[in-house]
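Q: this one's sequence-less:
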């Protein structure tokens with residue numbers, strides 16, 4: 001089975017070259033080289049900053065290297081990727097720091113909050129100011145009056161797409177859990193709970209836990225959204241089993257964090273996991289999770305994406321921790337074996353980000369190996385307590401002194 005400490009060190013080492021641009025962390029190719037065909041994305045820079053903050057707390061790189069890399073990320077998020085004129089963060093910039101496009105995305109802003117939260121826990125200079133600003137932008141601009149997530153806005157932080165999405169909401173829950181732990185302000189946990197209650201205990205439960213991902217401005221599901229683009233990177237058509245797994249884990253973190261958690265958190269986590277396994281795992285006869293399914297539960301996009309296996313590992317570990325039921329540990333071992341057999345790239349490093357339906361490397365949805373966020377933290381989440389967030393746990397328990 002996988003040695004999580006050794007694998008985390010290997011992943012952190014693979015990710016180091018991403019810091020080649022002062023604007024942030026670069027998208028990496030199959031061999032871990034910066035890909036000049038991609039701009040510098042805020043979501044990648046934030047996720048890598050989060051990983052290197054964790055790596056510093058764990059001592060996964062020699063000396064102060066991980067701390068320096070986390071500081072590089074905080075500087076980029078406080079510099080080239082930040083809009084000094086209107087506030088908030090660009091979706092991406094060129095390597096010279098010029099903005100690419102005009103939309104500002106809740107998805108990327110959620111990861112800025114996560115990165116800053118982990119940076120605060122790791123003692124990264126500038127992280128506290130970054131967190132204060134990011135939380136202010138999120139609360140003022142990316143939450144509506146009912147506390148639900150606004151997916152995108154124009155550069156001036158007004159208007160935006162006529163679209164709401166479950167993906168950005170899910171990562172906002174993750175970010176608010178971390179922010180609440182770092183700041184000690186339980187209001188962020190309550191905001192996370194409200195988002196989860198709407199989308200999971202409300203929408204997903206009413207759809208048999210096949211969570212719709214796409215909505216209009218009034219949160220009416222758009223079940224045919226992107227039917228002509230079923231393999232979209234961020235907005236695929238249909239149900240995404242990997243997100244059912246990710247939501248299941250987040251519900252268990254909420255359950256472990258809240259002083260009086262509602263009973264539906266664990267009930268819905270169980271149901272989401274069961275549905276993801278039912279429709280996603282080996283759904284076409286081959287091992288691994290298919291990327292997407294139709295509303296009758298049949299596979300649509302049969303590619304195997306690495307992040308889905310990572311979230312399966314983390315979710316099964318979380319369910320075993322919460323329930324102590326052997327079946328979840330059996331699933332965890334099954335997923336870990338799959339990752340070891342098919343996803344870990346022993347030749348070029350990191351994990352293959354995409355496999356075809358026969359578990360051979362593929363590049364239809366994802367080119368290269370953009371970042372190590374899902375793989376790195378899943379190895380920790382599958383084995384660590386459910387609360388507090390990873391960075392706070394590592395700060396409080398690990399011998400490395402930030």
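A: Nice, thanks for sending it over. Quick caveat: nothing in here was measured; it's all calculated off a predicted structure.
Q: how about low-confidence regions in this protein?
A: Residue ranges of the chain with pLDDT under 70: 399-402.
Q: Going along the chain, name the strands of it.
A: Secondary structure of the chain (DSSP state E): strands at 40-41, 92-93, 104-105, 152-153, 164-165, 214-215, 292-293, 299-301, 304-305, 354-355.
Q: Tabulate those in TSV, adding columns for mean neighbour count.
A: Every residue, glycine included, has its C-beta placed from N, CA and C. Converted to TSV, the strands of the chain look like this (neighbours: other C-beta atoms under 10 Å):
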stretch	mean neighbour count
strand 40-41	26
strand 92-93	24
strand 104-105	26
strand 152-153	22
strand 164-165	24
strand 214-215	20
strand 292-293	26
strand 299-301	19
strand 304-305	26
strand 354-355	22
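Q: Of all those strands, which one comes closest to residue 66?
A: Minimum separation from residue 66 across the strands of the chain (C-beta to C-beta) falls at strand 40-41, 19.9 Å.
Q: now that closest one, how far from the centre of its chain.
A: Taking C-alpha atoms, centre = their mean, to the nearest Å, one finds strand 40-41 lying 16 Å from the centre of the chain it belongs to.
Q: How about stretch 36-50?
A: Counting by C-alpha atoms, centre = their mean, stretch 36-50 comes out at 13 Å from the chain centroid.
Q: the helices in the stretch 151-300 of the chain, which residues?
A: Counting by DSSP state H, counting those that start in this stretch, the stretch 151-300 of the chain has helices at residues 166-183, 187-196, 205-206, 241-257, 264-280.
Q: ok so, going back, who wins for proximity to residue 259 among the strands of the chain?
A: Nearest of these (C-beta to C-beta): strand 164-165, 29.6 Å.
Q: That closest one pairs with which strands, parallel or anti?
A: strand 214-215 (antiparallel) (DSSP bridges).
Q: ok, and what's touching the partner strand?
A: Strand 214-215 is contacted by residues 163, 164, 165, 166, 221, 222, 225, 226, 235 when judged by C-beta atoms under 8 Å, 6 or more residues apart in numbering.
Q: And the second one, how far from residue 236?
A: Distance, residue 164 to residue 236, using C-beta to C-beta, to the nearest Å: 16 Å.
Q: Can you give me the distance of residue 24 to residue 234?
A: Counting by C-beta to C-beta, the gap from residue 24 to residue 234 is 19 Å.
Q: Check residue 54 too.
A: Residue 54 sits 24 Å away from residue 234, going by C-beta to C-beta.
Q: Just want to know which of those two has more residues nearby.
A: More crowded of residue 54 and residue 234, by other C-beta atoms under 10 Å: residue 54, with 27 against 12.
Q: which among the contacts of strand 214-215 end up buried?
A: Neighbour counting with 16 or more other C-beta atoms under 10 Å marks 163, 164, 165, 166, 221, 222, 225, 226, 235 as buried within these.
Q: Out of those residues, which two are the most distant from each other?
A: Pairwise over the buried ones among the contacts of strand 214-215, using C-beta to C-beta, the maximum falls at 164 and 226, 14.3 Å.
Q: re the thing from before, so can I have a markdown table of the strands of the chain showing distance to residue 256?
A: Converted to a markdown table, the strands of the chain look like this (distance: least, C-beta to C-beta, whole Å):
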| stretch | distance to residue 256 |
| --- | --- |
| strand 40-41 | 31 |
| strand 92-93 | 35 |
| strand 104-105 | 29 |
| strand 152-153 | 31 |
| strand 164-165 | 26 |
| strand 214-215 | 28 |
| strand 292-293 | 29 |
| strand 299-301 | 33 |
| strand 304-305 | 27 |
| strand 354-355 | 32 |
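Q: Of those, which is nearest residue 283?
A: With respect to residue 283, and counting by C-beta to C-beta, the nearest of those is strand 299-301 at 4.8 Å.
Q: Mind listing residues that contact that closest one?
A: For strand 299-301, contacts defined as C-beta under 8 Å, 6+ apart pick out 230-231, 236-238, 283-284, 290-294, 365.
Q: Turn these into a markdown table, columns for distance to residue 338.
A: Listed next are the contacts of strand 299-301 as a markdown table, based on distance: C-beta to C-beta, whole Å:
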| residue | distance to residue 338 |
| --- | --- |
| 230 | 23 |
| 231 | 21 |
| 236 | 21 |
| 237 | 25 |
| 238 | 22 |
| 283 | 14 |
| 284 | 15 |
| 290 | 13 |
| 291 | 15 |
| 292 | 18 |
| 293 | 18 |
| 294 | 23 |
| 365 | 19 |
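Q: out of those, which are buried?
A: 231, 236, 237, 238, 283, 290, 291, 292, 293, 294.
Q: you'd agree the fifth one is up against residue 290?
A: Yes: contact between residue 283 and residue 290 holds when scored by C-beta atoms under 8 Å: they sit 5.0 Å apart.
Q: joint contacts of those two?
A: Shared contacts of residue 283 and residue 290, defined by C-beta under 8 Å, 6+ apart, comprise 299, 302.
Q: number of nearby residues for the nearest residue to residue 33 once chain neighbours are set aside?
A: Distances taken as C-beta to C-beta, 6 or more residues apart in numbering place residue 17 nearest to residue 33, at 6.3 Å, with adjacent residues excluded. Counted with other C-beta under 10 Å, the neighbours of residue 17 add up to 15.
Q: So which of the helices of the stretch 151-300 of the chain is the most surrounded?
A: Per residue and on average, the most neighbours among these fall to helix 241-257, with a mean of 26 (mean count of other C-beta atoms under 10 Å).
Q: How far does that helix sit from its chain's centre?
A: 12 Å.
Q: Quick check: the gap between the residue nearest to residue 33 and residue 379.
A: 21 Å.
Q: what comes up buried for stretch 14-21?
A: 14, 15, 16, 18, 19, 20, 21.
Q: now stretch 337-349
A: Residues 338, 339, 342, 343, 344, 345, 349 are the ones in stretch 337-349 that count as buried (16+ other C-beta under 10 Å).
Q: try stretch 374-386
A: Going by neighbour count (16+ other C-beta under 10 Å), the buried part of stretch 374-386 is 374, 375, 376, 377, 378, 379, 380, 381, 382, 384, 386.
Q: what does stretch 202-220 give?
A: Buried residues in stretch 202-220 (16+ other C-beta under 10 Å): 203, 204, 205, 209, 210, 211, 212, 213, 214, 215.
Q: Thank you, goodbye.
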